[in-house]
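Colleague: fold the following, please.
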Amino acid sequence: MSGPIRIAPEALAFEAQTMQRKLSAGLSTLRQLGDTQVGVTPKHPVWSDGKVTLYRYQGEQAATARVPILICYALVNRPYMVDLQHDRSLVKGLLARGEDVYILDWGYPDLSDRYLTLEDYILGFLDGAVEHLRASHGLDAVNLLGVCQGGAFSLCYAALNGEKIRNLITMVTPVDFHTPDNMLAHWTRSIDVDLFVDALGNVPADLMNSCYLTLKPFRLLQQKYVGLVDILDDVTELENFLRMERWIFDSPDQAGEAFREFIKWFYQGNGFVNGGVEIGGRELSLANIDMPVLNIFAEHDHLVPPSASRPLRDLVGTADYTELSFRGGHIGIYVSSRAQREVPETIHGWLHVR
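Modeller: Next up is the predicted model:
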């Protein structure tokens, strides 16, 4: 049995002096900061439907890819995570390799959107964006890249309208919602979602954020703010920290009916695995996905563990299935230095041979 930990007075004094210096430097650092810029790559709107807008990104060089990539992001956060800053941008990496990249921005739902359903999002807005790209590029099918919940939407869409999708890419996408290590799924399975939505209407963004943060309360509510002291004298690192904080808390409310359906059909009913889901009057089956699939997941993802994503291999109907197991977390897959090297190159190379 080990004895008590002894800390020398000199070490305590050094730590106190370091903290005092960092706090003092922080006053100067904060005065140097301007507005925190996010979503740095130029883009322009090409199509819209209500609050939903399709943007085309503009790279430093003309796109060489003939088939565009449409990024379908989740509803629960803003899509600029894939283009957070100049040196942390999946979009920039794809553009640099000649890809033609579009993104669907769902906007900020308000009370008028309370009764939007998953059919509205998947067979309405997402299909509208796909139809625009098919017409504007003169193509029968486009490439679809779905992220997190947007990946689940993309799986639904590809299963129902597969003739319009040439290649499907999913990133940190839940497929089996009932794996033992999926803490978020365990929570939602016990929710009375009907009472929840009937009482609230739309689901407040602040409530959603609180749920996500309490999945790792020490890391996300305490440790990172204690660690903030260490970077108070570094303008660049402090800007990076604030960009991430802005993204975390810049969350839209959730349209009530779509939230109800997503929780009941997938988190509670595990619809991709168990079946029983109908969208637009058609039964959903991932076996109908016969185009090439690239499934990218993060090994240390606390929101979508690999065990929730890997089952896609056995559920899709295509024989052309590829996986990338990324060494990182749910956010690191977009913003880490490793991600900048590996993820855009993997996507581009995989598309190039197809």
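
Colleague: shaky segments in the chain?
Modeller: 1-5, 7, 12-16, 18-19, 22-23, 25-27, 215-222 (pLDDT under 70).

Colleague: repeat the analysis, applying 90 as the threshold.
Modeller: Within the chain, the stretches with pLDDT under 90 are 1-39, 182-191, 205-250, 302-303, 330-332, 334-335.

Colleague: show me where it has strands.
Modeller: Secondary structure of the chain (DSSP state E): strands located at 43-49, 52-57, 69-72, 83-85, 88-89, 101-105, 142-147, 165-171, 278-279, 282-283, 293-298, 321-326.

Colleague: mind listing residues that contact the fourth one?
Modeller: It stands for strand 83-85. The contact list for strand 83-85 (C-beta atoms under 8 Å, 6 or more residues apart in numbering) reads 37-41, 57, 89-92, 103, 240, 243-244, 247, 334-335. All C-beta atoms are positioned from the backbone trio N, CA, C, and that covers glycine.

Colleague: same thing with the third one?
Modeller: Counting by C-beta under 8 Å, 6+ apart, strand 69-72 makes contact with 54, 79, 82, 91, 94, 99-104, 126, 129-130, 133, 142-147, 150-151, 153-154, 157, 169, 347, 351, all of which sit outside it.

Colleague: still on that earlier bit, make JSON lines from the strands of the chain and add mean neighbour count and distance to S307 to it.
Modeller: Below are the strands of the chain laid out as JSON lines (neighbours: other C-beta atoms under 10 Å; distance: least, C-beta to C-beta, whole Å):
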{"stretch": "strand 43-49", "mean neighbour count": "14", "distance to S307": "35"}
{"stretch": "strand 52-57", "mean neighbour count": "21", "distance to S307": "32"}
{"stretch": "strand 69-72", "mean neighbour count": "25", "distance to S307": "23"}
{"stretch": "strand 83-85", "mean neighbour count": "23", "distance to S307": "27"}
{"stretch": "strand 88-89", "mean neighbour count": "23", "distance to S307": "27"}
{"stretch": "strand 101-105", "mean neighbour count": "24", "distance to S307": "28"}
{"stretch": "strand 142-147", "mean neighbour count": "27", "distance to S307": "19"}
{"stretch": "strand 165-171", "mean neighbour count": "24", "distance to S307": "15"}
{"stretch": "strand 278-279", "mean neighbour count": "16", "distance to S307": "25"}
{"stretch": "strand 282-283", "mean neighbour count": "13", "distance to S307": "26"}
{"stretch": "strand 293-298", "mean neighbour count": "24", "distance to S307": "9"}
{"stretch": "strand 321-326", "mean neighbour count": "16", "distance to S307": "12"}
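
Colleague: cheers, nothing more for now.
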